[in-house]
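*Asks:* Give the three-dimensional model of this entry:
(one chain, ligands or ions: 1)
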Amino acid sequence: NYIWPDPKIDELEKLLYEQENPFDGPGSLASFVDGCSGPAERALGIGRSFGAEWIRNAYHDMSTADVSAGTGGLDASIVFEMDRLENIGDAFQETLNIFKGNYNNRVSMSDLFALATVMAVGGCSGGKVIVPLKGGRVDAAGPGPSGVPEPQQDLQTHTASFAKQGFDTSEMIALVACGHTVGGVHGVDFPKIVPNPAPTDGAKNDNTVTFDTTTDSFDNIVAKEFIGNVSQNPLAFGQNETTRSDFRIFNADGGDMISQMATSNDFFLDTCNTMFERMINTVPSNVKLVDIKPQENLTGVIRIVDEIINGPGTRIFVHLKSRSGDPMLVAEATTSRGQTGGCSYPNCGPSFTYYTFDPKIPTKHGISSFTVEVADSQTGRNESHDNGGAGFPLQSSITIDGINQMQLNLTAAVLYAESFTDVFLIVPQPSNKSAPISPWTREEISMQSLGKVDGTNYTLYTGVWQSSGPTSAATTHPFDIVAVGSEKTVSSLFNSWDGIPRV
Ligand code: HEM
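*Replies:* A predicted model of the protein is given here:
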């Protein structure tokens, strides 16, 4: 069973269930797929759909996998492969631009690509297809081999290429139909398939022919129109026979799978759920994926799953334990910014209420963990939540002050500093400042003691981190403070630049 915390999983869980990143403040990724192609997309051009772009992006990233060799898959290698002809179009850069704001050293870009697929399919299906999300994908450090299927290739090439990705003939048909139920072919990028010249009247129009007549809706109409011979799909019935890859693929098993998909929308949706889950879980064999389940959590405010709040009579108490293990303080937590916002992504999971949790921790002590008591004054029932027995761990050994744009000028208070030999400020920065994304490197500053604070057990430490620039590449990635001793190490990890007083 999952025991809180696991930073990598907690970060993805928060993005999935609250659609917000603690370091962006409240902000919704899911709103981008509201209605599948909403106002934000229309501003970019007629025929644009973020949902469709996110799905295409994930498929292209995954499709160079070689499952028998255990290499490739959803690993974000596409960020190094965007100039390849097989990756033509805005979908890839745009997906990256949208999700880059959520990329940090606790969540990989490939996990964000998987999340994007889950949200796109959920949004475009009106909540009918909720693909289960796992976390733990690892980003590639550079480009992988090429090999994304292209429309002019023959059926044999496509069958072999899908087999390499781990999909047999009927799975190939299903996956292509599931992908091609949203979005379409953009004439600006594929003039040989959609040959009408794009309008030059200044209107942003990618000259798109959609795969079916319900392009904003994740449904089986793409299959129905194909079987009914009324399809406008340019990859099935376009004027250029060479690029009718959907026609060749949908008929690869004599038309069996596509007919079943056309006959039943439920079958279509169920099949797509399984196919997309397999698509996003195709990862290099050394990557282990883990389940993401909604958790109780704490980030300065405490977040309670609404399921365990029984009504207006419910009160939440936080029981703190001191570092010696003794029970120390009981604090009532009160509602702060209400519930998670009305989620524009259908079926977004459990809702939460945020409670302010503001205990006055005596400076002589420090807390190691807490448990949560949910008291229902109507039924008189009290439930205790203790994170599998150990309590929810918490660090109060280090507290922080001071921040200033490109420079962190930091003071930290360290409890019982005698036990530590060194205190470090660690600021993650991109290892390659000109790459679209790159792994984080730790820039480490040794902090100097300013002496003990009278009447407390805290010692102040100070340190200055200066960005090595350029300004455009500066990132206010959350920073760490670590106090290292021979017996133990304490840390305050992933501290946001927000909410720290500026000096
Ligand atoms: C042989 C296999 C495939 C070929 C040759 C192919 C080809 C294409 C082409 C040429 C486009 C037009 C792109 C544009 O104009 O921006 C397209 C769009 C798209 N493809 Fe595929 N595709 C294949 C398989 C798949 C699969 C397996 C998926 C997902 C599971 C997928 C998802 C999409 C989506 C969502 C779009 C719409 C993108 C948008 O509207 O921006 N494709 N595909």
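*Asks:* got a list of what the closest residue to the ligand within the stretch 251-400 of the chain touches?
*Replies:* Closest approach of the stretch 251-400 of the chain to the ligand (CB to the nearest ligand atom) occurs at Met279, with a separation of 5.9 Å. All C-beta spots, glycine's among them, are computed from the backbone N, C-alpha and C. Contacts for Met279 (CB atoms under 8 Å, 6 or more residues apart in numbering) come out as Ala58, Tyr59, Met62, Leu74, Thr117, Leu175.
*Asks:* By neighbours, which of those residues wins?
*Replies:* Leu74 (31 neighbours; other CB atoms under 10 Å).
*Asks:* Give me the nearest residue to Ser245, chain neighbours excluded.
*Replies:* Pro151 (4.3 Å; CB to CB, 6 or more residues apart in numbering).
*Asks:* Surely the one you found and Thr243 touch.
*Replies:* Yes. In this structure, Pro151 is within contact of Thr243 by CB atoms under 8 Å, at 4.0 Å.
*Asks:* Between the two, which contacts overlap?
*Replies:* Common contacts of Pro151 and Thr243 (CB under 8 Å, 6+ apart): Phe190, Ile193, Leu235.
*Asks:* which SSE is the last one in?
*Replies:* Spelled out, it's Leu235. Leu235 is part of helix 234-237 when elements are defined by DSSP states H and E.
*Asks:* Next, report how far that helix is displaced from the centre of its chain.
*Replies:* 33 Å (CA atoms, centre = their mean, to the nearest Å).
*Asks:* got a list of contacts for it?
*Replies:* Taking CB under 8 Å, 6+ apart as the rule, helix 234-237 contacts 151, 180, 184-185, 190, 193-194, 209, 211, 226, 231, 243-247, 250.
*Asks:* Let me know the average pLDDT across that helix.
*Replies:* Helix 234-237 shows a mean pLDDT of 96.
*Asks:* how about the helix or strand immediately after that helix in the chain as CSV, C-alpha atoms only?
*Replies:* Note on helix 234-237: by DSSP H and E, the next helix or strand toward the C-terminus is helix 245-250. What follows is helix 245-250, C-alpha atoms only, in CSV (Å, rounded to 0.1, in the frame of the first residue of the first chain):
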residue,chain,number,x,y,z
SER,A,245,-3.3,4.6,-45.1
ASP,A,246,-6.5,4.5,-43.0
PHE,A,247,-8.3,2.7,-45.9
ARG,A,248,-5.6,0.0,-46.1
ILE,A,249,-5.3,-0.3,-42.3
PHE,A,250,-9.1,-0.5,-41.6
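*Asks:* immediately after helix 245-250, which helix or strand?
*Replies:* Next along the chain after helix 245-250, taking DSSP H and E as the criterion, comes helix 256-263.
*Asks:* and the residue positioned nearest the centre of the chain, what pLDDT?
*Replies:* The centroid of the chain falls nearest to Leu112 when counting by CA atoms, centre = their mean (3.3 Å). As predicted, Leu112 sits at a pLDDT of 92.
*Asks:* Go ahead and confirm it touches Asn102.
*Replies:* Yes. Using CB under 8 Å, Leu112 makes contact with Asn102 at a distance of 5.9 Å.
*Asks:* Would you mark the buried spots in stretch 139-152?
*Replies:* For stretch 139-152, burial by neighbour count (16 or more other CB atoms under 10 Å) applies to Asp139, Ala140, Gly144, Gly147, Val148, Pro149, Pro151.
*Asks:* what residues does the chain put near the ligand?
*Replies:* Proximity of the chain to the ligand (CB under 6 Å from any ligand atom) is limited to residues 49, 52-53, 55-56, 59, 89, 91, 149-151, 158, 175-176, 178-180, 182-186, 189-190, 235, 245, 249, 279.
*Asks:* Can you flag which of these belong to strands?
*Replies:* Gly184, Val185, His186 (DSSP state E).
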